[in-house]
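Enquirer: Predicted model and sequence follow; I will ask about them next.
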Amino acid sequence: MDIIKTKLADCIIIKPKVFGDERGFFLETFHSQRYKEVAGIKEQFVQDNRSQSSKNVLRGLHFQKTKPQGKLVTVISGEVFDVAVDLRPESETFGQYEAVVLSGDNKLQFYVPPGFAHGFCVLSESADFQYKCTDYYDPDDESGLLWSDPIINIQWPLKTPLLSEKDKIQPLLSEIEAKIKEGWV
C-alpha cells in the first residue's frame with residue numbers, strides 16, 4: 001500500500017495494492033500489523049459500521065466529546081467527498097480540514113485519527129460507506145460542527161445538501177471551542 005500524508009498530522013490517505021484482471025479484483029482492506037508498521041495506525045479498531053446514502057446527502061460533521069473515535073473509512077460503491085476537521089486542542093492545525101474523494105473505483109481509504117470531526121457528502125447517485133472505529137459509538141457523548149461553518153470554510157462540492165435535522169443545527173466551532181480545549185476531545 002502507498003501512504004499519502006496530508007497537511008493534518010496523523011490523518012492519512014491509504015492507497016491499497018489492488019490485484020486485478022478480467023475476472024475482477026482483490027485487495028486487502030485491513031491488516032493490523034501492516035497498518036501499524038506501514039501506515040502508523042497504532043489504535044485498535046473495535047467497531048465496524050456501514051451506511052448507504054443518496055446523492056447530495058451530507059452527513060456530519062460528527063465527533064464524540066470525551067470518547068473520540070479514530071475512523072478508517074472507505075467507499076464500497078459510489079463516490080463521496082470525505083472531510084476530517086482537526087479538533088485536537090494542542091494541534092498546530094486545530095480547526096483546519098482535509099478532504100479526499102473516496103470511491104468504489106479508486107478504492108482509497110482515509111484514516112481520521114481520534115480527535116477529529118468527520119463528515120462526507122455523496123457525489124454519485126448513491127454510495128455505500130464503510131468504516132472501522134477505534135472506540136464504541138456512544139449516543140450520549142456525540143456532538144458535531146455545522147457543516148457550513150464559515151471559519152472552517154470547507155469547500156464542499158455542493159451548495160444545497162440533504163441534511164438530517166440534527167446536522168442542520170450543529171454549533172459553530174467558535175461556540176464550542178472552549179469546551180473542546182477543556183477536554184471534550
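Expert: Now that the structure is in, tell me what you want to look at.

Enquirer: all contacts plus neighbour counts: C-alpha atoms, from now on.
Expert: Will do.

Enquirer: how about the helices of the chain, start to end?
Expert: Assigned by DSSP state H, the chain shows helices spanning 32-37, 165-168, 173-179.

Enquirer: Need those in a markdown table (columns: distance to residue 47, mean pLDDT and mean neighbour count).
Expert: Output for those, formatted as a markdown table (distance: least, C-alpha to C-alpha, whole Å; pLDDT from 0 to 100; neighbours: other C-alpha atoms under 10 Å):
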| stretch | distance to residue 47 | mean pLDDT | mean neighbour count |
| --- | --- | --- | --- |
| helix 32-37 | 14 | 91 | 12 |
| helix 165-168 | 23 | 97 | 13 |
| helix 173-179 | 27 | 94 | 14 |
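
Enquirer: for those, which one sits closest to residue 93?
Expert: For the helices of the chain, the distance to residue 93 is smallest for helix 173-179, at 13.7 Å, taking C-alpha to C-alpha.

Enquirer: ok now the closest one, how far from the chain's centre?
Expert: Remark: helix 173-179 is offset 20 Å from the chain centroid, using C-alpha atoms, centre = their mean, to the nearest Å.

Enquirer: Across the sheet, point out what pairs with the most centrally placed residue in the chain.
Expert: Centroid check for the chain by C-alpha atoms, centre = their mean gives residue 118 as the closest residue, at 4.3 Å. Beta-bridge pairing of residue 118 under DSSP bridges involves residue 62, residue 84.

Enquirer: Thank you kindly, that will do.
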